[in-house]
Every structure is written in C-alpha cells, then in structure tokens.
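> Model the following, please.
(one chain, ligands or ions: 2)
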Amino acid sequence: MIDSAGSFDPAAPVLVDGFGRTHTDLRISVTDRCNLRCTYCMPLDAVFKPRDELLSYEEIARVARVAAGLGIRSIRITGGEPLVRHGVEALVRQLAEIPGVEDLSLTTNGLLLEEQASALRSAGLHRLNVSLDALEPEVFERIARRQGLDRVLAGLAAAKTAGFRSIRINAVSIRGLTEGEIVPLALFCRREGFHLRFIEFMPLDGESSWADGQVLSGREVREILTQHVGPLAPATRTDDGQPAVDYEYVDDATAAGVGFIDPVTQPFCDRCDRLRLTADGQFRNCLFSTTEWDARQVLRTGGSDDEIARLLHDCVRAKRAAHGIGTASFERPTRAMYQIGG
Ligand code: SAM
Ligand code: SF4
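Ligands and ions are numbered 1, 2, ... in the order given. Modelled structure (predicted):
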C-alpha cells in the first residue's frame, strides 16, 4: 500500500485496489491435473506442469500466512482437481492453523471424495463445494468426457457422513446441453439438503470453443425452475462476500436454496474480493487476468515475507475495474480454467 508520503508499506494490513475493493478471499490451486476432462474447462490433450514447478504445501502455507496477515480471511483450495494431489489433507491442516483464516473450503469434482471426506474433515476443512452438472449418466459423460457419476454421488454421501454441513453443488449451465438436467438437479438438491448454484459458462474453456450463444443465463435457469419446481424469491439470508445471488423456494424457505453465479450476464466485478494463486505459484487478480505476479520466484530465491506481501499488493493495485466480457476490449486469458483454479 502507498501511504500519503508516497512510500510503500508491504506490511499494510489490507489489500485494497484502485477502486476501493478490499480483498479478503484467496483461491489456491494445488494442481492443474484432473481425473475428468470437462468440455468447458480442459482440452482432451491437456499438457500438465512438471511436478517441480508446482508449489509445495509448505510454500503454499507460507504464502497463505502472509496473505492472512494482509487481511485474507477466506481460503478455498481448488485446481485442477485438488483431490488428485497426494495428501491434500496435510495442506488443509496447515491452512486451518493460520490465525485470521475464518473460512477454509475446497472445491472438488467429487470423484475421490468418498475416500477422502473424513480425512479432510478431521484436518479442519470447514466447507465443501462439489461440482455436478448432470444426474443423467449419458449427459455427465458428454460433459466430463469420462465416467464417474456414481463416484460423485458416493462422495456426496460420504461428505454428509463425515459431518460436512452446507454442502454446495456447482452446476455449469450450457445452452443445448444442460437444460434437461436443471429440474432433476434441483429436486435432488432439495431432497438431500444441498445448496445448488448454477454458474454461467465463461470463456475459459481449454479448447477455446466458447461462444456467447452457449451461455444459458441464470435468468433462464430461474424461469425453468419456477415453472417446474416451484416459485423462487430473493433470499432473505444473503452473504455479501459471495458472487452468487441466492433465492429461496417460496413454498419452503427452510429448504436449501438455489444460487446463481452470472459472471457473463450480471458481472459482479464491482464487489469482487478475490485473488488467486495458481498451482505453479503465480498470483492473479482476476480469472480473466492477462498478467501474473511470480510468487514462486520470490519463494525459491530466498525472498522475504515482505517481498511476498509487496507482490500481493502489486497484484491487487493492478486490478482492473471489470473483466469486460462482451465488450470490444475483452481479451481472453491464455490459460484455461484448470490452469488457473476455479
Ligand atoms: N476440479 C474441481 C471441480 O471441478 O470442482 C475444482 C476446479 S474447477 C476449475 C472449479 C469450478 O469451475 C467447477 O465448479 C467448474 O464447474 C467451474 N468451471 C470450470 N470451467 C468453467 C467455465 N468455463 N465456466 C464456468 N465455470 C467453470
Ligand atoms: Fe477437472 Fe474441475 Fe476442470 Fe472438470 S471443471 S476438468 S473436474 S478441473
């Protein structure tokens, strides 16, 4: 942060960008590898980073400690698929001990959750998001380009048994592909008590085939739900830190609700409080960043915590007002979602 005298104070305890947005949320990717090949994320012929280019768990925890000292309160572990990296519960344990971290969560495709849910819970993980776009095996496989629906469902059951509460299901909506899955997913989540969130398809797919015509908007999904499941009303319980706009079922406000993350049709950049650390140790200030700040280099050349803090401040200060999808100035990042960390 630059003080009134114009000097930089790397220890300034808040990460505020040029538009007054304070950053309290850090997404940490632990791998670019995955056991699925979702069409909207990863190419079939994905090439992965060599192992020595990925940050170790100790390096990640060090960055997280510095970030917490700068006001980061919420950390999400993601990937690639975080559960394919060996012993991720060891990282959870280290992150859970960092003073100031109030919310520690993980996003997974669920395939390996049955085996790992209990260890993750014991290590101190607070919350889980599980991605599930379809309940029809044929549609699941068309999207994921691998089998695994049964394992995701077994993983969800294991997560409940392990004691996770407020489990969220993330479903990407794609026109011409997922419309038939919306109602079955909503009924399943209502029955099981999972909070369902529909996410608009963003131009971050590894095969660069995104077209705006494929974006099935949150508004359209809401109309389908209202017609076939029941009327929805904006939720009275809201969480300002979330990009999702939450709705409740009018006939049962106690049932798990439905959220809509609409980055394409309703961008929420004005309230974005997120930063990202890629598996290969690069800070990003946006999913759509075209610039990265190299924390791995600082970590591996004997850099101090102050230098890491300075890099984070630089990254935050350079954040643009908005991603600009749909505008003439929009520039697609060269890295796809699995390489950034969703
Ligand atoms: N492998 C884990 C999973 O699938 O949950 C974690 C990483 S994944 C990149 C994180 C989230 O990003 C998932 O919910 C996934 O559906 C979402 N995602 C991936 N590519 C996307 C895209 N192009 N547009 C919108 N959401 C996307
Ligand atoms: Fe893997 Fe998650 Fe990307 Fe699907 S969305 S390919 S599960 S990283």
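> Going by C-alpha atoms from here, please, whenever you check contacts or count neighbours.
Will do.
> Tally up the residues packed near Arg310, please.
Residues contacting Arg310 under the criterion other C-alpha atoms under 10 Å number 18.
> what about it, which helix or strand?
Under the criterion of DSSP states H and E, Arg310 resides in helix 305-317.
> Mind listing residues that contact that helix?
Contact with helix 305-317 is made by 1, 9-11, 15-18, 23, 63, 66-67, 70, 275, 283-285, 292-295, 298-299, as judged by C-alpha atoms under 8 Å, 6 or more residues apart in numbering.
> any idea where the helices of this protein begin and end?
57-69, 88-96, 113-123, 137-144, 149-161, 182-192, 218-228, 295-300, 305-317, 337-340 (DSSP state H).
> helices or strands next to the first one in the packing?
With contacts defined as 3 or more C-alpha pairs under 8 Å, 6 or more residues apart in numbering; DSSP states H and E, the packing partners of helix 57-69 are helix 88-96, helix 305-317.
> wait, which of the ones you listed is closest to ligand 2?
helix 88-96 (15.4 Å; C-alpha to the nearest ligand atom).
> helices or strands up against the closest one?
Using 3+ C-alpha pairs under 8 Å, 6+ apart: helix 88-96 touches helix 57-69, helix 113-123.
> mind redoing it with 10 Å?
Judged by 3 or more C-alpha pairs under 10 Å, 6 or more residues apart in numbering; DSSP states H and E, helix 88-96 is in contact with helix 57-69, strand 74-78, strand 103-108, helix 113-123.
> what about the residue in the stretch 51-200 of the chain that ligand 2 sits nearest to, how many neighbours?
Residue nearest to ligand 2 within the stretch 51-200 of the chain: Gly80 (3.7 Å; C-alpha to the nearest ligand atom). Using other C-alpha under 10 Å, Gly80 has 30 other residues around it.
> Could you check the pLDDT of it?
pLDDT, Gly80: 97.
> do the same with the one 4 residues further on
At Val84, the model reports a pLDDT of 98.
> residues contacting the residue of the stretch 51-200 of the chain closest to ligand 2?
29-37, 41-42, 48, 107-109, 278-279, 337-342 (C-alpha atoms under 10 Å, 6 or more residues apart in numbering).
> The residue nearest to it when sequence neighbours are not counted and Arg146, how far apart?
Nearest in space to Gly80, with sequence neighbours left out and distances taken as C-alpha to C-alpha, 6 or more residues apart in numbering, is Asp32 at 4.2 Å. Distance of Asp32 to Arg146, given as C-alpha to C-alpha, to the nearest Å: 17 Å.
> wait, what's in contact with the residue positioned nearest the centre of the chain?
With distances taken as C-alpha atoms, centre = their mean, the residue of the chain nearest its centroid is Gly342 (3.8 Å). Gly342 is in contact with 27-29, 41, 76-81, 107, 204, 276, 278, 287, 336, counting by C-alpha under 10 Å, 6+ apart.
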